[in-house]
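**Q** I would like the atomic coordinates for the input below:
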Amino acid sequence: MTATKLPDYDHHSAAAAEENRQGAHRSRTRTISAALPVIAGIAVVLLSIGAVSMVIGNRRSASSDSSASGQALTEDTATTAAPTASADPEATPVADGGDAAVDPSVEVVLLNSLSVNGLAGRYRAKLEDQGWSISLVDDAKSRNLSVSKIYYRDADMLGTARAVKKVIGGIGVLTENATVYPGRVTVVLGQDAQ
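**A** The predicted model follows:
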């Protein structure tokens, strides 16, 4: 008996027979190659969601900073005429001279350090009569300051802080303070405001 090879059997037909076989190793290869586009699509969606949440988070952070800006300056507990650099390293009193630009679109925060009802309301009326926008009127955490303080963020806001001081009758000490929210001047009314 001699083994004979069938005439229609060759290596091509063997490969065709192998392709028709169904086994776990064959279907797994197809599943992975079919899953790659799905995995890539999921990665793109997750990256997009992450980018959107970062943008939304930054906007929420900015809005919470603006609502807390009036509160940041109320931590001052000094009751002296002017703060010293050692008492408040971020606050620096300045001279009233100079000719910095005035920006009337700046919002003013009014805080009352005294127990005098209606004091901040009187100063609010003075400022609004001159066209200033008041973003917050509240009680200050620091109490009974002897001299009012007018806080501004940096040298660019000095002229505006001076203009606010002039409108409220020239009272108070101009003080540069890095914790002031950009685009605002904060006035903490003291005993000289009565």
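
**Q** where does the nearest residue to K149 once chain neighbours are set aside land in three-state SS?
**A** In space, and not counting its chain neighbours, K149 is closest to V188: 4.6 Å by C-beta to C-beta, 6 or more residues apart in numbering. Yep, even glycine has a C-beta here, placed from its N, CA and C like the rest. Classification of V188 by DSSP: H, G, I helix; E, B strand; the rest coil places it in strand.

**Q** give me the spatial nearest neighbour of K165, chain neighbours excluded.
**A** Taking C-beta to C-beta, 6+ apart, and ignoring the residues beside it in sequence, K165 has I150 as its nearest neighbour in space, at 5.3 Å.

**Q** mind checking how far the one you found is from L36?
**A** 64 Å (C-beta to C-beta, to the nearest Å).

**Q** check L111 too.
**A** Taking C-beta to C-beta, one finds L111 at 61 Å from L36.

**Q** likewise L174?
**A** With C-beta to C-beta as the criterion, L174 and L36 are 65 Å apart.

**Q** these two: which has the busier surroundings?
**A** L174 (21 against 10; other C-beta atoms under 10 Å).

**Q** so which helix or strand of the protein has the lowest pLDDT on average?
**A** In the chain, no helix or strand scores lower on mean pLDDT, DSSP states H and E than strand 91-93, which sits at a mean of 48.

**Q** beyond it, next helix or strand please.
**A** Downstream of strand 91-93, the next assigned helix or strand under DSSP states H and E is strand 107-112.

**Q** which parts of the helix or strand just after that next one are buried?
**A** Heading C-terminal from strand 107-112, the first helix or strand you meet, by DSSP H and E, is helix 119-129. Neighbour-count burial for helix 119-129, counted by 16 or more other C-beta atoms under 10 Å, picks out L119, A120, Y123, R124, L127.

**Q** past helix 119-129, which element shows up next along the chain?
**A** For helix 119-129, the succeeding helix or strand toward the C-terminus, using DSSP H and E, is strand 133-139.
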